[in-house]
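1. how would this look folded up:
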Amino acid sequence: MNEKKTGRVMNYNRWGYYFLIPFFSVFIIFQLIPLVTTIYNSFFEHYFKNGLTEVGPTFVGLENFKTLFSSGDILQYFKNTMIMWVMGFVPQIVVSLVLAAWFSDSSLRLKGRRVFQSVIYMPNLIMASAFAMLFFTLFADTGPINTMLLQIGFIREPYKFLSHVISARSLVAFMNFLMWFGNTTILLLAGMLGIDHSLYEAAKVDGATSRQIFFRITLPILRPILLYVVITSLIGGLQMFDVPQILTNGQGGPTRTTMTLIMYLNKHLYSKNYGLGGALSVILFIITGILSFVVFRINFRTQKQ
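-> I've put the predicted structure just below:
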């Protein structure tokens with residue numbers, strides 16, 4: 001009897017592997033093979049001269065990587081990317097924590113809580129390209145924002161938002177904040193709702209204040225979710241493309257201060273320089289891995305303390 005039951009269990013377990021076949025097929029075809037191909041192309045000189053004459057592929061070793069670092073552009077674009085990501089992520093995590101704490105606090109008795117949760121998530125459903133076009137229209141030299149500021153006498157002439165470094169970067173960061181703070185709020189809210197209320201009740205009995213409860217109970221328990229939010233946001237920040245691409249018409253203005261790494265990669269792929277494009281993709285992959293590892297190490301050290 002036991003042998004028959006064991007045989008049945010083994011037969012049922014096989015179905016789990018069958019259901020994994022579509023996932024692994026998609027992963028191998030659309031992720032693993034392109035990744036290996038990209039790494040392979042990064043060691044070759046392969047581009048189209050004047051868009052017509054094909055040059056290569058010729059094996060050049062690490063020359064593509066040397067070319068990228070010798071120009072210094074990649075460091076500048078990495079700096080631009082990180083600055084705009086930080087400008088958008090810091091207010092995003094702060095606002096999301098505050099909203100999640102409000103929505104999860106049953107003592108506040110907020111009315112229409114579900115409606116507000118749905119509303120703050122809606123910007124995440126809007127395409128980034130549509131969002132960028134909306135802000136491009138709003139903050140244009142003759143757009144509604146400038147018109148309103150002129151009418152109230154706040155400025156004497158139209159302010160060129162996209163011609164100043166601070167305002168251009170702030171617009172990109174603000175759009176990323178608006179698009180993603182709702183998603184972050186929902187994740188943090190789910191984590192807070194899963195915390196045992198007996199912990200809060202015991203802390204209140206011991207005389208703990210709301211601030212102490214938040215920083216000594218809520219945040220430590222939310223550490224895994226916060227780590228997930230930071231890692232995914234960091235990866236998304238390094239892949240920032242559509243908003244600055246549309247907002248600056250692909251030029252990364254003013255003076256390339258909003259040019260991101262993916263915009264730089266897109267220029268190489270658009271010009272069909274597959275060698276430099278592959279090398280830049282590998283560098284971006286390594287940067288993502290290093291920064292993710294740093295975040296994990298910081299989290300591990302703070303957790304031990």
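2. Can you check my assumption that R14 lies in a helix?
-> Yes: under DSSP: H, G, I helix; E, B strand; the rest coil, R14 falls within a helix.
3. Distance of it relative to G194?
-> 34 Å (CB to CB, to the nearest Å). C-beta coordinates here come from the backbone N, C-alpha and C atoms, glycine included.
4. Equivalent analysis for F59, please.
-> Taken as CB to CB, the span from F59 to G194 is 54 Å.
5. again, but for L291
-> 28 Å.
6. So which of the two has more stuff around it?
-> Set side by side, L291 and G194 show more neighbours around L291, with 17 against 11, by other CB atoms under 10 Å.
7. Where do the strands of the chain begin and end?
-> For the chain, the strands defined by DSSP state E occupy 44-49, 53-59.
8. Could you identify which of those is most buried?
-> strand 44-49 (a mean of 17; mean count of other CB atoms under 10 Å).
9. Which residues does it contact?
-> 54-60, 63-64, 271-276, 278 (CB atoms under 8 Å, 6 or more residues apart in numbering).
10. let's see it at 7 Å
-> 54-60, 272-275 (CB atoms under 7 Å, 6 or more residues apart in numbering).
11. what about it, distance to the chain center?
-> 31 Å (CA atoms, centre = their mean, to the nearest Å).
12. now that strand against strand 53-59, angle please.
-> 180 degrees (axes from the mean of the first three to the mean of the last three CA atoms, to 10 degrees).
13. Please, where are all the helices along the stretch 201-305 of the chain?
-> 210-213, 219-221, 223-238, 242-247, 261-270, 274-304 (DSSP state H, counting those that start in this stretch).
14. what packs against the third one?
-> Where contact means 3 or more CB pairs under 7 Å, 6 or more residues apart in numbering; DSSP states H and E, helix 223-238 is packed against helix 73-104, helix 165-193, helix 274-304.
15. TSV for these, including distance to T257 and mean pLDDT?
-> Formatted as TSV, the helices and strands packed on helix 223-238 follow (distance: least, CB to CB, whole Å; pLDDT from 0 to 100):
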stretch	distance to T257	mean pLDDT
helix 73-104	6	92
helix 165-193	5	91
helix 274-304	19	88
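16. Dump these into JSON lines; add distance to Y47 as well.
-> Putting these into JSON lines (distance: least, CB to CB, whole Å) gives the following:
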{"stretch": "helix 73-104", "distance to Y47": "17"}
{"stretch": "helix 165-193", "distance to Y47": "30"}
{"stretch": "helix 274-304", "distance to Y47": "6"}
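17. can you tell me which residues contact G237?
-> 81, 85, 89.
18. ok, so what distance separates it from F43?
-> Distance, G237 to F43, using CB to CB: 28 Å.
19. The residue most central in space within the chain: what's its closest spatial neighbour, skipping adjacent residues?
-> Centroid check for the chain by CA atoms, centre = their mean gives G236 as the closest residue, at 2.0 Å. Nearest residue to G236, sequence neighbours excluded (CB to CB, 6 or more residues apart in numbering): W180, at 7.5 Å.
20. Quick check: the one you found touching N124?
-> Yes: if you go by CB atoms under 7 Å, W180 and N124 touch, sitting 6.5 Å apart.
21. quick one, which of these two is more surrounded?
-> W180 (21 against 15).
22. was I right about L108 contacting A101?
-> No: contact status for L108 versus A101: not in contact, 9.4 Å apart, counting by CB under 7 Å.
23. okay, those two: which has more neighbours?
-> A101 (17 against 11).
24. quick one: contacts for that one?
-> By CB under 7 Å, 6+ apart, the neighbours of A101 are 192, 214.
25. Equivalent analysis for S167, please.
-> Contacts of S167 (CB under 7 Å, 6+ apart): F161.
26. Fine, thanks again, bye for now.
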